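[1] When you get a sec, could you give me coordinates for this:
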Amino acid sequence: MGFTSVFQEISERYIVFVEEIPEAITQAATLERARENLQAAVELVLAANRDVCRESIGAAKVIREPLKTAGQDDETSYDT
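    Have a look, this model is predicted:
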């Protein structure tokens, strides 16, 4: 499973967000820059969520492991 980027052109700018991570939203003058900004936004949101989680767990003994979702390696094309 991948994520879905949504681009909306408004007044010569692009607003872009990830459907599955609504906190990851940004804007830019070009599609290329919007994609770069969105990548950074997703990384920041995930890092912040990880920090909040680790703070809430504190010193508790836990097991952490990577999670791979079904079809993660598939390249999916979406309609516009």
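[2] biggest strand in this structure, by residue count?
    strand 21-28 (DSSP state E).
[3] Show me what counts as buried in it.
    21, 24, 26-28 (16 or more other Cβ atoms under 10 Å). Glycine gets a C-beta too; all of them are placed from N, C-alpha and C.
[4] Can you give me the end-to-end span of stretch 51-67?
    17 Å (Cα to Cα, to the nearest Å).
[5] Which parts of this protein are strands?
    Going by DSSP E, the chain shows strands at 5-10, 13-18, 21-28.
[6] Of those, which is nearest Thr69?
    Nearest to Thr69, of all those, is strand 21-28, at 13.6 Å by Cβ to Cβ.
[7] partner strands of the closest one, parallel or antiparallel?
    Applying DSSP bridges, strand 21-28 is found paired with strand 13-18 (antiparallel).
[8] between the strand it pairs with and strand 5-10, how big is the angle?
    With axes from the mean of the first three to the mean of the last three Cα atoms, to 10 degrees defining the directions, strand 13-18 sits at 160 degrees from strand 5-10.
[9] what is the rounded mean pLDDT of strand 13-18?
    Mean per-residue pLDDT for strand 13-18: 98.
[10] Grab the nearest non-local neighbour of Ala70.
    Distance criterion Cβ to Cβ, 6 or more residues apart in numbering; nearest residue to Ala70, sequence neighbours excluded, is Met1 at 6.2 Å.
[11] quick revisit: from the chain's centroid, how far away is the longest strand of the chain?
    Centre-to-centre, strand 21-28 and its host chain are 8 Å apart (Cα atoms, centre = their mean, to the nearest Å).
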